[in-house]
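S.K.: From the sequence below, what's the structure:
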Amino acid sequence: MNLSYWEHNTWLHNIDYAVIGSGIVGLSCALSLRKEFPKSKIVVFEKGMLPSGASTKNAGFACFGSVSEILEDLKSHSEAEVVELVKKRVAGLELLKKTLGEQQLHYFQHGGYELFSQSDAHLYENCIENISYINNLLKPVFLDKKDVFSIKNDSFGFKNVQKQLIFNRFEGQLDTGQMMLGLIKKASKEDILVLNSAEITSFRPENEQIWLKMNNSEEFSAKKVFIATNGFAKQFMKDEDVTPARAQVLVTKPIKGLHLKGTFHLDKGYYYFRNIGDRVLFGGGRNLDFKTEETTQLGLTELVQNRLEAILATTILPNQPFEIETRWSGIMGVGRQKKPIVKKVAPNVYCGVRLGGMGVAIGSSVGQQLAKFATE
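M.R.: This next block holds a predicted model:
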């Protein structure tokens, strides 16, 4: 398809800053660029009708890590590194709330809970024993210095789990769709162009410009390029430690008298669920088949979906009938380290990827950090 003179001249000519990916990182980057460069031409390119990775497909958890996840991170990161990770996630969530407001986000801080299956007695005991240690470790992160985690008895009627849950008083939930709608509206108000169904397939530096090629073979240039494609980043950066990780999710139809309120983590965070009003959202299970879920292809598998339904029936909603209303999947970006990759990858080309399943928490701050490269 050949673009007309008008189309090319209006949207693709004289671009100062091109952002690849219109998720939370991409739009946050574009908004930060606009603050720094009020008269520049900023264009965001999105390959899908909506953000194609995880930004509009995640579960809407405003979280920064459960006790078991933090203990697991301490096996491969130093204490200082783990504290810094949590600090950045908390700061990122505050930046997101400041940027859009809790009303736009439909944000509710009901708290979060970690459950442990009866077969995970060792993990459960280890986490309970280490609550004081983790609370002390995280004291520098929170201003009031009060304990983050505490023990609560199960008041939700779960089955096949340990009777005590670990409660996180700071954890919240939000509406992912409203979050992205707020960012899109803000970008439009700031005269940032967002082009959907405009996939960038490759780039090449030439004469102090970056030439970008679209899936319709159209070529154009920009002065600087920012890659914010997270789980899809291998397309542009084959040598970086970022791997796609598909996450599958389902949502029930409304359940009369639903007793759940809050966010919940199970099996080191590989399973997670929450209420959406009187519905239950339940996702996870990629640990059942890591290799198959290392994909950039959206889709569902019987293995994961059947397991999600089984846990719903036997653990989360025992003796309570439910029906599934919808199912979907999203693509995260993970790696051996939890720290995001925010760096220069070529002359005038920069990336902010590998959010490690914490996009809601750190996406805004990673986008802000990515935009700072524009002043090089």
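
S.K.: And the stretch of helix or strand Thr201 belongs to, what's buried?
M.R.: Applying DSSP states H and E as the criterion places Thr201 in strand 200-206. For strand 200-206, burial by neighbour count (16 or more other C-beta atoms under 10 Å) applies to Ile200, Phe203. C-betas here are computed from N, CA, C, even on glycine.

S.K.: Please name the strands paired to the following helix or strand past it in the sheet, noting orientation.
M.R.: Sequence order places strand 209-214 as the next helix or strand after strand 200-206, per DSSP H and E. Here strand 209-214 is paired, per DSSP bridges, with strand 200-206 (antiparallel), strand 219-227 (antiparallel).

S.K.: Mind listing residues that contact the first one?
M.R.: Spelled out, it's strand 200-206. For strand 200-206, contacts defined as C-beta atoms under 8 Å, 6 or more residues apart in numbering pick out 18, 20, 45, 47, 210-215, 221, 225, 235-236, 346-349.

S.K.: now the longest one
M.R.: Identification of contacts with strand 219-227 by C-beta under 8 Å, 6+ apart yields 8, 12-13, 15-21, 26, 29, 33, 43, 203, 206, 208-214, 233, 236-237, 345, 348-353, 370-371, 373-374.

S.K.: and the helix or strand just after that strand, what's its mean pLDDT?
M.R.: As assigned by DSSP H and E, the chain's next helix or strand after strand 219-227 is strand 243-252. Per-residue pLDDT values over strand 243-252 give a mean of 97.

S.K.: ok, now stretch 287-303?
M.R.: Stretch 287-303 carries an average pLDDT of 96.

S.K.: Equivalent analysis for stretch 364-371, please.
M.R.: Averaging pLDDT along stretch 364-371 gives 97.

S.K.: Could you do stretch 261-279 as well?
M.R.: Mean pLDDT, stretch 261-279: 95.

S.K.: per the record, what domains does the chain have?
M.R.: 5-56+177-241+337-375, 61-175+242-334 (automatic domain parsing).

S.K.: Tabulate the CA atom coordinates of the lengthiest helix in the chain in PDB.
M.R.: Ranked by number of residues, the top helix in the chain under DSSP state H is helix 79-100. Extracted as PDB, the C-alpha positions of helix 79-100 are listed here (Å, rounded to 0.1, in the frame of the first residue of the first chain):
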ATOM      1  CA  GLU A  79      19.500  -7.400  49.500                       C
ATOM      2  CA  ALA A  80      20.300  -3.900  48.200                       C
ATOM      3  CA  GLU A  81      19.200  -4.900  44.700                       C
ATOM      4  CA  VAL A  82      15.900  -6.300  46.000                       C
ATOM      5  CA  VAL A  83      15.200  -3.200  48.100                       C
ATOM      6  CA  GLU A  84      15.900  -1.000  45.000                       C
ATOM      7  CA  LEU A  85      13.600  -3.100  42.900                       C
ATOM      8  CA  VAL A  86      10.700  -2.700  45.400                       C
ATOM      9  CA  LYS A  87      11.500   1.000  45.800                       C
ATOM     10  CA  LYS A  88      11.300   1.500  42.000                       C
ATOM     11  CA  ARG A  89       8.000  -0.400  41.800                       C
ATOM     12  CA  VAL A  90       6.400   1.600  44.600                       C
ATOM     13  CA  ALA A  91       7.700   4.900  43.100                       C
ATOM     14  CA  GLY A  92       6.400   3.800  39.700                       C
ATOM     15  CA  LEU A  93       2.900   3.200  41.100                       C
ATOM     16  CA  GLU A  94       2.900   6.600  42.800                       C
ATOM     17  CA  LEU A  95       3.900   8.200  39.500                       C
ATOM     18  CA  LEU A  96       1.100   6.400  37.700                       C
ATOM     19  CA  LYS A  97      -1.400   7.600  40.200                       C
ATOM     20  CA  LYS A  98      -0.100  11.100  40.100                       C
ATOM     21  CA  THR A  99      -0.100  11.100  36.300                       C
ATOM     22  CA  LEU A 100      -3.700   9.900  35.800                       C
END
